[in-house]
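Novice: When you get a sec, could you give me coordinates for this:
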Amino acid sequence: MLKVLFVCMGNICRSPTAEGVFRHQVAAAQLQHCIEIDSAGTHAYHVGEPPDTRTQHTAQQRGIDLSQLRARQVKASDFDEFDYIVAMDTDNYALLRAQCSPEQACKLHLLLSFAPELTEQEVPDPYYGGHQGFEHVLDLVETACQGLLNTLRQRLSHARAKC
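Specialist: Next up, the predicted model:
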C-alpha cells in the first residue's frame, strides 16, 4: 500500500481538491486497493471544516464530490505514515521540510513536479480570487495528479507489489 498526503495551508481549497481528483483518478485506474489518499494543512485555521464551497462547486462540475472531506492539520506521525507528502507550493513545502527529519525529506514533493509539461511550479491559492482561480487550480491539479498516478503505477509495477 502506498500512502499519499496532499498539503496546502488551510486544507480547504487546494489540497482537498488534489485529494478528490486523485481519489477519482485512482478509482478509475482500479488502484484504490493499492493507494491510500488524504490531505491536510500546515495551519490549523479550518480544522474540522468542509472544503470551501467554491472548491466543492468547481469540483462537482467535473464529477468530483468533496463534501465528505474535513480539514485537518499535518501532524508529526504523518511523516512516518505517508510515502508521498505532496505540497501545493514552496511555502508549504518549506514548512513541511522544517518539520520532518532529514531521513523523511525524500518523501516531500511539489505537486507540479509531477507535471513537467506545465510552466507553473506552484498551485496558486484561489481563496481570495474569483471563480476562474478555482478552475485554474483544478486544471493544474488534474494534470499533475495524472503524472503522480503514472509515477505510482511504475513504483507499484517495479516493486511487484501485492496489495
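
Novice: Quick check: which element contains Phe79?
Specialist: Element membership for Phe79, per DSSP states H and E: helix 78-81.

Novice: tell me what the helix or strand following that helix is packed against?
Specialist: Toward the C-terminus, helix 78-81 is succeeded by strand 84-87 as the next helix or strand (DSSP H and E). In this structure, strand 84-87 makes packing contacts with strand 2-8, helix 90-99, strand 108-110, helix 131-159, judged by 3 or more CB pairs under 8 Å, 6 or more residues apart in numbering; DSSP states H and E. In short, each C-beta sits where N, CA and C put it, glycine included.

Novice: CA atoms only: put strand 84-87 into PDB for me.
Specialist: Presented in PDB, the C-alpha positions along strand 84-87 are these (Å, rounded to 0.1, in the frame of the first residue of the first chain):
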ATOM      1  CA  TYR A  84       4.500  10.800  -0.500                       C
ATOM      2  CA  ILE A  85       3.800  14.100   1.100                       C
ATOM      3  CA  VAL A  86       2.900  16.500  -1.700                       C
ATOM      4  CA  ALA A  87       2.800  20.200  -1.200                       C
END
